[in-house]
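Participant: coords please:
(one chain, ligands or ions: 1)
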Amino acid sequence: MLATLLPALKELALPLKLQLWDGNEIEIGPTPCVTLVIKDPSLVTRLRQPSLDVLGAAYVEGQIDLLGPVGEVIRIGDVITRALGQDDFPLPSREAHDKTTDAEAISYHYDLSNDFYRLWLDRDMVYSCAYFETGSEDLEQAQQAKLRHLCRKLRLKPGERLLDVGCGWGGLARYAAREFGAKVFGITLSREQLELARERVAEEGLAKQITLELMDYRDLPQDGRFDKVVSVGMFEHVGHANLPLYCQRLFDAVRPGGLVMNHGITARHIDGRPVGHGAGEFINRYVFPHGELPHLVNISSCISDAGLEIVDVESLRLHYARTLEFWSERLEAQLEQAKRMVPERALRIWRLYLAGCAYGFRHNWINLHQILASKPLADGSHELPWSRADLYS
Ligand SMILES: C[S@@+](CC[C@H](N)C(=O)[O-])C[C@H]1O[C@@H](n2cnc3c(N)ncnc32)[C@H](O)[C@@H]1O
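Facilitator: Sure, this is the predicted structure:
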């Protein structure tokens with residue numbers, strides 16, 4: 001098999017070296033910066049028609065090692081799988097979601113280790129796309145700018161009640177309470193997140209303004225008690241089948257005249273056909289089980305059908321590429337510390353996931369949309385200013 005694989009790889013002239021199970025080294029292209037260590041000879045057959053899922057799984061399960069800058073590893077993986085891989089990937093499955101499967105999926109990802117996430121996220125541990133007003137900000141500045149951008153889009157005022165659906169480690173809740181005087185109710189399905197988020201609320205003396213609970217979005221109050229609703233990086237876990245219910249819950253939670261912000265990752269294609277040879281399969285298998293990415297059209301349609309009026313949409317695709325590059329660089333710079341916090345297998349998964357998603361956003365495989373919607377008042381009016389000028393003043 002090696003006899004057919006090597007000429008095919010060499011044609012790609014990649015900066016890659018193979019190291020075989022017997023110690024032999026073969027240079028595939030000029031000045032290699034990445035070494036693919038094949039520990040298991042049976043893998044060569046599968047590499048003849050590779051996918052990012054096959055390569056990623058082999059790395060996670062320890063059948064191969066990948067040495068060199070992780071960004072280059074991903075780029076080389078993409079070139080190889082596009083050149084040698086198959087093209088007929090099936091459409092991703094759209095699954096039924098219930099509270100139990102969703103709670104397990106959330107725990108798998110978010111309860112991994114608070115220390116590990118603290119290592120490479122910003123100090124507020126905001127785990128979603130940052131906002132780069134000029135492109136020259138560092139991660140801390142860009143995450144603070146994102147929190148401000150969200151609160152401004154929501155036209156948040158002192159004393160207003162804000163619901164934060166999928167509140168993570170509480171960064172937005174604390175920002176909205178501290179900087180905008182809001183009263184925040186936040187929910188998460190992760191026990192680890194909740195514990196640390198509550199600690200941070202108490203440390204900042206914000207306990208009177210912020211309540212955080214372990215709660216599924218399906219159990220939210222439905223009496224329009226909130227002035228504003230925000231959901232950041234959460235709806236990717238909902239699944240197509242439950243999008244109408246999710247949007248209905250947001251509608252029912254907010255008062256007439258109130259605003260709803262849905263910030264999340266969206267698919268490149270409406271039918272969900274794969275982008276990146278096997279990247280989606282890898283993410284689904286190892287990173288976000290039961291995750292599903294709707295297209296902007298799917299989520300917009302559900303928001304509208306629920307009775308909300310979409311008033312503003314912004315794409316932040318390259319902002320998420322930049323955010324993920326920061327996360328990946330920070331993790332790569334601290335691998336020794338990370339090894340002490342999570343099992344080797346998890347570290348391998350998260351290294352590929354962060355660098356791979358940075359690459360995916362950069363190459364337009366996926367997008368990020370902030371969708372602002374208003375719950376119309378009885379006479380059809382809403383409470384928004386005439387222009388967006390206030391967002392930038
Ligand atoms: C990517 S994190 C984003 C956290 C936070 N919004 C941020 O920007 O840092 C996704 C969040 O959604 C929450 N989540 C996912 N599914 C949920 C569900 N069914 N009900 C409530 N929260 C959920 C997770 O627990 C997690 O806090």
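Participant: which helix is the longest one in the chain?
Facilitator: helix 344-362 (DSSP state H).
Participant: Could you list every helix and strand in contact with the lowest-mean-pLDDT helix or strand in the chain?
Facilitator: In the chain, no helix or strand scores lower on mean pLDDT, DSSP states H and E than helix 43-47, which sits at a mean of 86. Under the contact criterion of 3 or more Cβ pairs under 8 Å, 6 or more residues apart in numbering; DSSP states H and E, helix 43-47 touches helix 2-10, helix 52-60. Using the backbone N, CA and C atoms, a C-beta is placed for each residue, glycine as well.
Participant: Could you tell me the least trusted of the ones you listed?
Facilitator: Comparing mean pLDDT across these, the weakest is helix 2-10, with a mean of 90.
Participant: which other helices and strands contact that helix?
Facilitator: Helix 2-10 packs on strand 16-19, helix 43-47, helix 70-84, going by 3+ Cβ pairs under 8 Å, 6+ apart.
Participant: ok, what's across the strand from Arg161?
Facilitator: Arg161 forms beta bridges with Lys183, as assigned by DSSP bridges.
Participant: Contacts only, for it.
Facilitator: Arg161 sits next to Ala182, Lys183, Val184, Phe185, Arg225, Phe226, Asp227, Lys228 when contact means Cβ atoms under 8 Å, 6 or more residues apart in numbering.
Participant: of all the residues in the stretch 51-200 of the chain, which ones are close to the ligand?
Facilitator: Contacts of the stretch 51-200 of the chain with the ligand, taken as Cβ under 6 Å from any ligand atom, map to 102, 106, 110, 126-128, 166-168, 171, 187-190, 193.
Participant: 8 Å instead, please
Facilitator: Taking Cβ under 8 Å from any ligand atom as the contact definition, the stretch 51-200 of the chain meets the ligand at 99, 102-103, 105-106, 110, 125-128, 164-169, 171-172, 187-190, 193.
Participant: how is this structure carved up into domains?
Facilitator: If you go by automatic domain parsing, the domain ranges for the chain are 2-84, 99-391.
Participant: Nearest to Pro90 among the ones you listed would be which one?
Facilitator: Within the domains of the chain, the stretch nearest Pro90 is domain 99-391; the backing value is 8.1 Å (Cβ to Cβ).
Participant: I'd like to know which elements the helix or strand where Arg322 lies is packed against.
Facilitator: Assigned by DSSP states H and E, Arg322 belongs to helix 317-332. Packed against helix 317-332 by the contact rule (3+ Cβ pairs under 8 Å, 6+ apart) you find helix 70-84, helix 114-120, helix 139-153, helix 344-362, strand 366-374.
Participant: next SSE after it?
Facilitator: Next element after helix 317-332 (DSSP H and E): helix 335-339.
Participant: ok, the helix holding Arg322 near the ligand or not?
Facilitator: No: using Cβ under 8 Å from any ligand atom, helix 317-332 stays clear of the ligand, coming no nearer than 10.7 Å.
Participant: Which residues does that helix contact?
Facilitator: 69-71, 119-121, 129-132, 135, 138-139, 142, 265, 338, 350-351, 354-355, 357-358, 361-362, 364, 366-368.
Participant: For PyMOL, write a command that selects the buried ones of those.
Facilitator: Those of these that count as buried under 16 or more other Cβ atoms under 10 Å are selected in PyMOL with:
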select buried, resi 70+71+119+120+121+129+130+131+132+139+142+265+338+350+351+354+355+357+358+361+362+366+367+368
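Participant: Sitting in strands, which of the residues of the stretch 51-200 of the chain next to the ligand do you find?
Facilitator: Among these, the members falling in strands are Asp164, Val165, Ile187, Thr188 (criterion: DSSP state E).
Participant: can you redo those as a markdown table with pLDDT and neighbour count?
Facilitator: Below are these laid out as a markdown table (pLDDT from 0 to 100; neighbours: other Cβ atoms under 10 Å):
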| residue | pLDDT | neighbour count |
| --- | --- | --- |
| Asp164 | 99 | 27 |
| Val165 | 99 | 25 |
| Ile187 | 98 | 21 |
| Thr188 | 98 | 24 |
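Participant: Let me know the closest of the residues you listed to the ligand.
Facilitator: Nearest to the ligand out of those is Thr188 (Cβ to the nearest ligand atom; 3.8 Å).
Participant: Please identify the buried residues of the biggest strand by length in the chain?
Facilitator: Determined from DSSP E, the single longest strand within the chain is strand 254-267. Judged by neighbour count using 16+ other Cβ under 10 Å, the buried positions of strand 254-267 are 254-255, 257-267.
Participant: how far is the helix holding Arg322 from where the chain is centred?
Facilitator: Put simply, helix 317-332 sits 11 Å off its chain's centre (Cα atoms, centre = their mean, to the nearest Å).
Participant: Could you say which helix or strand holds Ala13?
Facilitator: Per DSSP H and E: nothing holds Ala13, as it lies in no helix or strand.
Participant: and it, what does it touch?
Facilitator: Ile28, Gly29, Pro30.
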